[in-house]
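Q: What follows is a protein structure lacking sequence information:
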């Protein structure tokens, strides 16, 4: 039997579109992400998490957790799917492993379910455990992007690109996910 989940006291979840967040509300998000990713979170990473819906968890000490969902297009078996791409999921260091990542993912998955054909994300080794436990599945086929000069295979993203809910094509090892292009890290 697993230990009971312990949440940060007074944790409050809010979802909001980037357009509804002030600069004063976005500043702590950027700080949290920079800290959570050990400084490996640049201007392009920041840009990737804007323009969609944010799940923000606050506690008595301020922003405790964050995740966002932005719209992308993904081609699967010749069909372009409206995809809720999950970005910038992070939890403040002092409240990690207290269920706040799950709280963020509950909100994110609700957004994906209600507004998109598919959810997708690129998982770090640490994040992969959370996503897999929630039913997200690492894509087994090729992963690529439609770049300025045509389709480009992204072998470094294979094995760390996760989808949810898992489409039937996930069992086909030859089915390719082809993402729309963006600057910086494509996925």
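A: Happy to help now that I have it. Model, not experiment: these values are computed from the prediction.
Q: For residue 79, grab phi and psi.
A: Reported as degrees, to the nearest 10, the phi and psi values for residue 79 are phi -120, psi 130.
Q: mind listing what the strand or helix carrying residue 89 pairs with, with the direction of each?
A: Element membership for residue 89, per DSSP states H and E: strand 79-91. With DSSP bridges as the test, strand 79-91 is paired with strand 62-76 (antiparallel), strand 118-122 (parallel).
Q: Show me which positions of that strand end up buried.
A: Across strand 79-91, burial judged by 16 or more other C-beta atoms under 10 Å covers 81, 83, 84, 85, 86, 87, 88, 89, 90, 91. From N, CA and C alone the C-beta is placed, and that goes for glycine too.
Q: could you dump those to JSON lines with pLDDT and distance to residue 120?
A: Listed next are the buried residues of strand 79-91 as JSON lines, based on pLDDT from 0 to 100; distance: C-beta to C-beta, whole Å:
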{"residue": "81", "pLDDT": "96", "distance to residue 120": "9"}
{"residue": "83", "pLDDT": "97", "distance to residue 120": "5"}
{"residue": "84", "pLDDT": "98", "distance to residue 120": "8"}
{"residue": "85", "pLDDT": "98", "distance to residue 120": "5"}
{"residue": "86", "pLDDT": "98", "distance to residue 120": "7"}
{"residue": "87", "pLDDT": "98", "distance to residue 120": "10"}
{"residue": "88", "pLDDT": "98", "distance to residue 120": "14"}
{"residue": "89", "pLDDT": "98", "distance to residue 120": "13"}
{"residue": "90", "pLDDT": "98", "distance to residue 120": "18"}
{"residue": "91", "pLDDT": "97", "distance to residue 120": "21"}
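Q: ok, back up a step: what comes into contact with the strand holding residue 89?
A: Strand 79-91 has contacts (C-beta atoms under 8 Å, 6 or more residues apart in numbering) with 29, 32-33, 36-37, 41, 45, 48-49, 52, 64-75, 98, 100-101, 104-105, 108, 111-112, 115-121, 127, 130, 179.
Q: Just give the number of residues close to residue 125.
A: Using other C-beta atoms under 10 Å, residue 125 has 7 other residues around it.
Q: Contacts only, for it.
A: So residue 125 contacts nothing (C-beta under 8 Å, 6+ apart).
Q: Report the buried members of the contacts of strand 79-91.
A: Buried members of those, scored by 16+ other C-beta under 10 Å, are 29, 32-33, 36, 41, 45, 48-49, 52, 64-70, 72, 74-75, 98, 100-101, 104-105, 108, 111-112, 116-121, 127, 130, 179.
Q: returning to what we had before: for the strands paired with strand 79-91, give me a markdown table that also has distance to residue 12 and mean pLDDT.
A: What follows is those, written out as a markdown table (distance: least, C-beta to C-beta, whole Å; pLDDT from 0 to 100):
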| stretch | distance to residue 12 | mean pLDDT |
| --- | --- | --- |
| strand 62-76 | 9 | 97 |
| strand 118-122 | 24 | 97 |
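Q: I'd like these laid out as TSV, including distance to residue 154.
A: Shown next, in TSV, are the strands paired with strand 79-91 (distance: least, C-beta to C-beta, whole Å):
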stretch	distance to residue 154
strand 62-76	12
strand 118-122	10
